[in-house]
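K.L.:
Predicted model, plus sequence, below.
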Amino acid sequence: MRISRAFLFLGAPSVALLSLMLCGASVGIGGPITSSLNSYGLVQFSSMSNGGYPPVEVVCAVNPAGCSGTTAVYGTSGLNMTYDAYGLAAYGILGGFASESISGSIQSGAVPAGLYSVLNGLSNFDDTYTVSGGQVGTSGTMTATFTINGSSASSLGFAGVVMFAIEGSTYSNDCGQLTGPGTITCTGIPIIYGQGTNILFQMSTIINGVSWTAGSSATANYANTATLTGIAVYDAADSPISNFSIVSGSGTEYTSDGVVPEPSAFGLSAMGSESSQSTRGGYEARKVTPRIARHGSRPPRLGPVH
């Protein structure tokens, strides 16, 4: 069952758009072509009574260092929510983690009707793709497939991942969602052959908690990455072009098999960014701080917190 757009932070398309505004990335909206990596944590309480926006309480604003701690459940005293949410980003690879647990008992107040939690370990990469193989100057489309490893377990509500793609000001695609390992394909991304096209891919690792019983918990662990494993391109008549090549703004190599790993590391940070790195499974995942914000002391992690 698919969750409704209103049940996500700001609605599905706005998650990506808000992250662009916050990190200074200039995909679409008339901005210059750029390449960048961004990852965040976000924790808030929202209400179905107003469609989820604005939130009734922001516990941890969009934070490049991730979000971790314990807070009182909105409207109550004595009932607590312990949370953790963060993202990891490299060109062609995204990861995220979110966990939530409820403890204690209500000493005063009451859980408002329609209240739900939003935990989001959000990550994206924004790159420029110049595709050759079709007639220069003609329009076409690109399809991108991500292979996602991870798992969800929840007694609270939805826990899983949602993938988005954005190009320019006219194309925004909720590519799909999963509550376990699998693939998600973003289709119909517009390109112009021989011209640079700026595309942002974003993964949100989300928990929407609706149960407020002590002992309830949820984990969405997708920190072991969603990897771009397939690219296909088509001409204006929707016929596939098998012999194509891509030059990227970041210098990352992309082929029909998706992203090609560097010998020692994935990804490049955006100019002026700071980064911290963690390794697991033979690759290096880089978590990048946008230019408008600085990392806190909390390092990125590649697995659940116990």
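P.N.:
Right, received. Where do you want to start? Numbering: from 1, shown residues only.
K.L.:
can we go C-alpha only for contacts and neighbour counts from here?
P.N.:
Fine.
K.L.:
middle-most residue in the protein, spatially?
P.N.:
Nearest to the geometric centre of the chain sits M203, at 2.5 Å (C-alpha atoms, centre = their mean).
K.L.:
give me every residue that touches that one.
P.N.:
L94, G95, G96, L122, S123, N124, V161, V162, M163, F164 (C-alpha atoms under 8 Å, 6 or more residues apart in numbering).
K.L.:
repeat for S204
P.N.:
Contacts of S204 were listed using C-alpha under 8 Å, 6+ apart, and they are G96, N120, G121, L122, S123, V161, V162, M163.
K.L.:
My guess is the last one contacts G176. True?
P.N.:
Yes - in terms of C-alpha atoms under 8 Å, M163 counts as a neighbour of G176; the distance is 5.7 Å.
K.L.:
what do these two both touch?
P.N.:
In contact with both M163 and G176: I184, using C-alpha under 8 Å, 6+ apart.
K.L.:
More neighbours: which of the two?
P.N.:
A direct count of neighbours by other C-alpha atoms under 10 Å for M163 and G176 places M163 higher, at 25 against 15.
K.L.:
Within the helices and strands, which one has that one?
P.N.:
Secondary structure assignment for M163, by DSSP states H and E: strand 157-167.
K.L.:
How about residues contacting the helix or strand just after that strand?
P.N.:
Counting by DSSP H and E, the next helix or strand C-terminal to strand 157-167 is strand 171-178. The contact list for strand 171-178 (C-alpha under 8 Å, 6+ apart) reads 2, 12-13, 160-166, 184-187, 189-190.
K.L.:
Partner strands of strand 171-178 and their direction?
P.N.:
Strand 171-178 has the following strand partners under DSSP bridges: strand 157-167 (antiparallel).
K.L.:
Figure out how far the partner strand is from the centre of its chain.
P.N.:
Here the centre of strand 157-167 is set off from its chain's centre by 7 Å, with C-alpha atoms, centre = their mean, to the nearest Å.
K.L.:
got it, and stretch 145-157?
P.N.:
Distance, centroid of stretch 145-157 to centroid of chain: 13 Å (C-alpha atoms, centre = their mean).
K.L.:
And the average pLDDT for it is what?
P.N.:
When pLDDT is averaged over stretch 145-157, the result is 97.
K.L.:
cool, stretch 53-63 as well?
P.N.:
For stretch 53-63, mean pLDDT is 95.
K.L.:
What segments of this protein are helices?
P.N.:
12-23 (DSSP state H).
K.L.:
that older thread, restricting to C-alpha, output the strand holding M163 in PDB.
P.N.:
What follows is strand 157-167, C-alpha atoms only, in PDB (Å, rounded to 0.1, in the frame of the first residue of the first chain):
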ATOM      1  CA  GLY A 157       3.300   3.000  11.100                       C
ATOM      2  CA  PHE A 158       5.100   3.400   7.800                       C
ATOM      3  CA  ALA A 159       8.800   2.800   7.700                       C
ATOM      4  CA  GLY A 160      10.700   2.700   4.400                       C
ATOM      5  CA  VAL A 161      12.200   4.700   1.600                       C
ATOM      6  CA  VAL A 162      10.800   7.000  -1.100                       C
ATOM      7  CA  MET A 163      12.800   8.000  -4.100                       C
ATOM      8  CA  PHE A 164      12.400  11.200  -6.100                       C
ATOM      9  CA  ALA A 165      13.900  12.700  -9.300                       C
ATOM     10  CA  ILE A 166      13.800  16.400 -10.300                       C
ATOM     11  CA  GLU A 167      14.900  18.100 -13.500                       C
END
